[in-house]
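Student: Have a look; sequence and predicted model below, questions after that.
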Amino acid sequence: RERRRRFMAKTANKQVMCEVLMEAAKKDKDVVALCSDSRGSASFTPFASGLPDQFVETGIAEQNLVSISAGLAKCGKKPYAASPACFLSTRSYEQCKIDVAYSNTNVKLIGISGGVSYGALGMSHHSAQDIAAMAAVPNMRVYLPSDRLQTECLTRALLADDKPAYIRVGRNAVDDVYEEGNVPFEMDKATFVTEGSDVAVIACGEMVKPAADAAAKLKEEGISVTVVDMYCVKPLDKEAVVKAAQNAKAVVTVEEHAPYGGLGSMVSQVVGSECPKKVVNLSLPDAPVITGTSKEVFQYYGLDAEGIIKTIKEVL
């Protein structure tokens, strides 16, 4: 049982999403999945093989992927369109804006291999602007789940509504932030992973785990850190931001994104207007990212636990 637990504790969020969608699709024929020659990358191969009548392959045609999804939604289907985040958020931006968001169409856009997941493939395959781009579109919600357990909760919640959404997930398996059977989840409400009084760290996606690890290490040194899992980047849980900031001396945001228009910018706006405090934004640089694995890139830019600890100590 312990071996199984350790194995399950490191799973890619995209894989969990496919499993939940397959479970729902077997009961509801209106649930359909679409890919742009990306079923393998999206972990949607089991869906395509097991439910071929509910799967659409568009080939490498991201604009068509989004428009076809919108058309299916208007016919009463519940489409989940998966494509690399770097292409979905750029090549098909107009279709996401007009066919999905402007028309308030029930399409769930899944940006796979988000951030720097593609590693050595470089800037062409990195998506460091997608949070800013998608969040700027009216009616478009933006979510970055932090682990497999939260991804499962989020996917089930999205299956229950009929609004557009963009969900960014990484390519690699990630460690658990939460425990099985104990996942505090409320739709569009941030989760307080830890609560402290010195610094508030607000993170999203794969940055939540290193933030939690940093908080645990700092606790041993007598530094008290609040960690907020802001999986719902839009709509941003402003109440959680204010609560975290009011109880801290400073705020640190952590995101796998460019420094402009993402989580850091949004949190800074709220803190600046509601409860002015020093805010430090940890992010990828405003420059082509170095080549390397996600782990190497995070370490280089101080987005791992040690880098977060260093920033927190500097802030204090």
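Tutor: Yes, it's here.
Student: quick check: domain ranges of this protein?
Tutor: Domain segmentation of the chain under the TED database yields 13-168, 191-315.
Student: for those domains, which one sits closest to residue 175?
Tutor: domain 191-315 (5.4 Å; Cβ to Cβ). All C-beta atoms are positioned from the backbone trio N, CA, C, and that covers glycine.
Student: Flag the shaky bits of the protein, pLDDT-wise.
Tutor: For the chain, the stretches with pLDDT under 70 are 1-9.
Student: which residue ranges form the helices in it?
Tutor: With DSSP state H, the ranges of helices along the chain come out as 2-8, 13-27, 45-50, 62-74, 85-88, 93-95, 130-135, 148-159, 208-220, 238-246, 263-274, 294-300, 305-315.
Student: CSV for these, including distance to residue 102 and mean neighbour count?
Tutor: Shown next, in CSV, are the helices of the chain (distance: least, Cβ to Cβ, whole Å; neighbours: other Cβ atoms under 10 Å):
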stretch, distance to residue 102, mean neighbour count
helix 2-8, 40, 9
helix 13-27, 25, 20
helix 45-50, 28, 15
helix 62-74, 10, 22
helix 85-88, 17, 27
helix 93-95, 10, 17
helix 130-135, 13, 24
helix 148-159, 20, 21
helix 208-220, 31, 20
helix 238-246, 25, 19
helix 263-274, 22, 20
helix 294-300, 34, 18
helix 305-315, 38, 18
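Student: could you list every residue that touches the most centrally placed residue in the chain?
Tutor: Note on the chain: the residue nearest the mean C-alpha position is residue 144, at 1.6 Å, using Cα atoms, centre = their mean. By Cβ atoms under 8 Å, 6 or more residues apart in numbering, residue 144 lies in contact with 114, 131, 167-169, 204-205, 231, 233.
Student: Walk me through which strands the longest strand seen in the chain pairs with, and which way each runs.
Tutor: Longest strand of the chain, by residue count under DSSP state E: strand 78-84. Here strand 78-84 is paired, per DSSP bridges, with strand 31-35 (parallel), strand 108-112 (parallel).
Student: Out of those strands, which gets nearest to residue 154?
Tutor: strand 108-112 (10.3 Å).
Student: Give me the buried stretch members for the closest one, please.
Tutor: Buried residues in strand 108-112, defined by neighbour count with 16 or more other Cβ atoms under 10 Å: 108-112.
Student: Tell me the one of those residues nearest residue 189?
Tutor: Using Cβ to Cβ, these come closest to residue 189 at residue 108, 19.3 Å.
Student: Excluding chain neighbours, give the residue nearest to the closest one in space.
Tutor: residue 80 (4.8 Å; Cβ to Cβ, 6 or more residues apart in numbering).
Student: Around the one you found, count how many other residues there are.
Tutor: 27 (other Cβ atoms under 10 Å).
Student: Next one: it from residue 18, what distance?
Tutor: 9 Å (Cβ to Cβ, to the nearest Å).
Student: Common neighbours of these two, please.
Tutor: With Cβ under 8 Å, 6+ apart, residue 80 and residue 18 have common neighbours residue 33.
Student: rewinding a little: can you redo the helices of the chain as JSON lines with distance to residue 227?
Tutor: Shown next, in JSON lines, are those (distance: least, Cβ to Cβ, whole Å):
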{"stretch": "helix 2-8", "distance to residue 227": "23"}
{"stretch": "helix 13-27", "distance to residue 227": "19"}
{"stretch": "helix 45-50", "distance to residue 227": "34"}
{"stretch": "helix 62-74", "distance to residue 227": "34"}
{"stretch": "helix 85-88", "distance to residue 227": "24"}
{"stretch": "helix 93-95", "distance to residue 227": "32"}
{"stretch": "helix 130-135", "distance to residue 227": "19"}
{"stretch": "helix 148-159", "distance to residue 227": "14"}
{"stretch": "helix 208-220", "distance to residue 227": "5"}
{"stretch": "helix 238-246", "distance to residue 227": "9"}
{"stretch": "helix 263-274", "distance to residue 227": "14"}
{"stretch": "helix 294-300", "distance to residue 227": "17"}
{"stretch": "helix 305-315", "distance to residue 227": "10"}
